[in-house]
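Trainee: Need a 3D model of the sequence below.
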Amino acid sequence: MNHFDVVIVGAGLSGIGAAYHLQDKCPGKTFAILEGREAIGGTWDLFRYPGIRSDSDMHTLGYNFKPWIDAKAIADGPSIRKYVNETADENNIRQHIRFNRRVTSASWSTKTALWTVQVELVDSSETMEYSCNFLFMCGGYYNYDEGYTPEFKSADAFKGVVIHPQFWPEDFEYKGKRVIVIGSGATAMTLVPAMAEGGAQVTMLQRSPTYVVSRPAQDKIANVLRKFLPESWAYAITRFKNIQLGNIFLRRALAKPEKTKDMLLKMVRKAMPDIDVDTHFTPSYNPWDQRLCLIPDDDLYNVINKGLAKVVTNHIDCFTEKGIRLVSGEELEADIIVTATGLKLSVANGLKLYVDGETVNIPETVSYKGMMYSGVPNLVQTFGYINASWTLRADMIAQYSCQLLNHMDSLGLRQCTPIIGERDKDMELRPWISDFTSGYMQRMMHLLPKQGEGPWENIQNYARDKKQQFEAPLDDGAMQFTNPVKETKAA
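Mentor: Next up is the predicted model:
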């Protein structure tokens, strides 16, 4: 069996960041990264559809320890993939990665204070085991093998090509083709301008509108600061600025939703004066009830204004031989249909978890600080924010995990377990994510842990979360440190 102090699952943005923090804060710990694919990058290596990019600025989506120095702050997928790979190589992390190893289950033994991790070798279907004291789940939040596609009536009738963005064919040709992109989320709003500029005739077909915010692809302040300051200083200042601006906007949206809605729609009307904004860009919900879609430099608006793309807001009745028939009776003809209909969430990276022989039923657990499960020892799950950049939280979770490891060492203990005690047993339990209506979350909420109060709250606010992680004591009454290190008798 291969043994390490820590096993990290996933070599994407979170996993590489976790490895950096582990090397930096816990230099004596041995670790391995188990990656189910054959490349670093996670999302940013898997997704290859036209125009793939971030929907967060890279000064907050980037790591807190590695400055983003490219001119574009709203970066494309290849640039982000390069950034993650650079991070791995600059910090000698690649040597710790075991590629083509898909983790299928993990079992904790209190007696040995170890996780036994079952792994399938992707290229041979053989199995092997790893053991570790601490399991760090950094495999993202969605199923890499299966995207979400609703059941469309007579889907097999269409004679053209149907593609889900998660599985975009290499070198797929769409120039001169009629394309329907189903969806109105971040993926659809990335695909539409990219395919339209690439010569396709594109229709974005949405059931209901989404809030859209346009920002410059380049952060002028960041680019000016880099001319006069060290890269690390310029990055830190820009990161602080963008975090604060994001918090201000979020607080305003929650406190004054109608005024925020009016402001957002006013910007859309200014950008597209000839479009029916009420029909196509006015959601039925308040800002931040779902995630806003960020577009760079008005790219979506521009292709619509030029007549290279159009938006249709209606419900699908069925697929036909030539395209899609709407409930209104209109038929949209297409050569290609792209189902940008969302992701399928994966709970605990799809692993089966066992503690001392008992199956862990995730929905029956309560989330501890948004990263651990009640009653499950020495396991941390990385899940970013729904209203801010993923990596803001991923960095913080990695740093907190290092504190847990070092604290256990200082106590001569091997186990940390969040336990719901007498003081918390009667707290009100709520869904893991509250007041967020996006379909990809709502479809899976019943499979996720619950949240409560205090350290059991899944905070979706960076400032509050940071305070709870680093100002509250590790020994907070809910986190139990146990299982002394066994002394080895001299021969």
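
Trainee: Would you agree Arg60 is in contact with Gln244?
Mentor: Careful, residue 60 is Thr and not Arg. No: counting by CB atoms under 8 Å, Thr60 stays clear of Gln244, with 10.6 Å between them. (C-beta placed from N, C-alpha, C; glycine too.)

Trainee: With neighbour numbers in mind, choose between the two.
Mentor: Neighbour tally, Thr60 and Gln244, criterion other CB atoms under 10 Å: the higher count belongs to Thr60, 25 against 12.

Trainee: which SSE is the more buried one in?
Mentor: If you go by DSSP states H and E, Thr60 is part of helix 58-61.

Trainee: contacts for that helix?
Mentor: Helix 58-61 is contacted by residues 13, 54, 68, 70, 72-75, 80, 83, 219, 222, 235, 238-239, 242-243, 246, 388-392 when judged by CB atoms under 8 Å, 6 or more residues apart in numbering.

Trainee: Buried residues, the strand or helix carrying Met267. List them.
Mentor: In the assignment (DSSP H and E), Met267 maps to helix 257-271. Using 16 or more other CB atoms under 10 Å as the test for burial, helix 257-271 gives Thr260, Lys261, Leu264, Leu265, Val268, Ala271.

Trainee: for that helix, packing partners?
Mentor: Judged by 3 or more CB pairs under 8 Å, 6 or more residues apart in numbering; DSSP states H and E, the packing partners of helix 257-271 are strand 212-215, helix 231-255, helix 277-280, helix 299-305.

Trainee: Contacts only, for Val311.
Mentor: So Val311 contacts Thr203, Met204, Gln206, Ile275, His280, Phe281, Ile304 (CB under 8 Å, 6+ apart).

Trainee: Give me the neighbour count for the first one.
Mentor: Neighbour count for Thr203, taken as other CB under 10 Å: 23.

Trainee: contacting residues around it?
Mentor: Contacts of Thr203 by CB under 8 Å, 6+ apart are Arg178, Val179, Ile180, Val181, Ala309, Lys310, Val311, Val312, Leu332, Ala334.

Trainee: thinking again about what came up before, run the chain-centre distance for the helix holding Thr60.
Mentor: Taking CA atoms, centre = their mean, to the nearest Å, one finds the center of helix 58-61 at 13 Å from the center of the full chain.

Trainee: Stretch 56-75 now?
Mentor: 16 Å.

Trainee: same check, this time on stretch 319-339
Mentor: Here stretch 319-339 is found 31 Å from its chain centre; the criterion is CA atoms, centre = their mean.

Trainee: Which parts of this protein are helices?
Mentor: Applying DSSP state H to the chain gives helices spanning 13-25, 43-46, 58-61, 77-90, 186-197, 220-228, 231-255, 257-271, 277-280, 299-305, 390-411, 439-442, 462-471.

Trainee: among the ones you listed, which gets the worst mean confidence?
Mentor: Sorting those by mean pLDDT places helix 439-442 lowest, at a mean of 67.

Trainee: coming back round to it: which residues are in contact with the helix holding Met267?
Mentor: With CB under 8 Å, 6+ apart, helix 257-271 has contacts from 211-214, 249, 252-253, 275, 277, 281-282, 286-287, 292, 298, 301, 305.

Trainee: ChimeraX command for the buried members of these?
Mentor: Selecting the buried subset of the contacts of helix 257-271 in ChimeraX, with 16+ other CB under 10 Å as the burial test, is done by:
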select :211,212,214,249,253,275,277,281,282,286,287,292,298,301
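
Trainee: list the buried ones in stretch 394-413?
Mentor: 394-402, 404-405, 407-408, 413.

Trainee: Actually, stretch 347-365.
Mentor: Buried-residue list, stretch 347-365, by 16+ other CB under 10 Å: Val347, Ala348, Asn349, Gly350, Leu351, Leu353, Tyr354, Val355, Val360, Ile362, Thr365.

Trainee: which two in those are spaced the farthest apart?
Mentor: Farthest-apart pair in the buried residues of stretch 347-365 is Gly350 and Val355; separation 17.6 Å (CB to CB).

Trainee: quick one on the thing from earlier: next, format the contacts of Thr203 as TSV and append distance to Phe167.
Mentor: Output for those, formatted as TSV (distance: CB to CB, whole Å):
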residue	distance to Phe167
Arg178	21
Val179	16
Ile180	17
Val181	15
Ala309	23
Lys310	26
Val311	25
Val312	24
Leu332	23
Ala334	18
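
Trainee: top of the residues you listed by neighbour count?
Mentor: Of the contacts of Thr203, with other CB under 10 Å as the count, Val181 tops at 30 neighbours.

Trainee: What's the local residue count around Pro377?
Mentor: Using other CB under 10 Å, the number of residues around Pro377 comes to 25.

Trainee: Report the beta-bridge partners for the residue lying closest to it once chain neighbours are set aside.
Mentor: Distances taken as CB to CB, 6 or more residues apart in numbering place Thr417 nearest to Pro377, at 4.2 Å, with adjacent residues excluded. Beta-bridge partners recorded for Thr417 (DSSP bridges): Gln480.

Trainee: Correct me if wrong: Thr417 contacts Met479.
Mentor: Yes: using CB under 8 Å, Thr417 is in contact with Met479, at 7.4 Å.

Trainee: on that earlier part again, which of the helices and strands packed on helix 257-271 is buried the deepest?
Mentor: Most buried of the helices and strands packed on helix 257-271 by mean neighbour count (mean count of other CB atoms under 10 Å) is helix 299-305; its value is a mean of 21.
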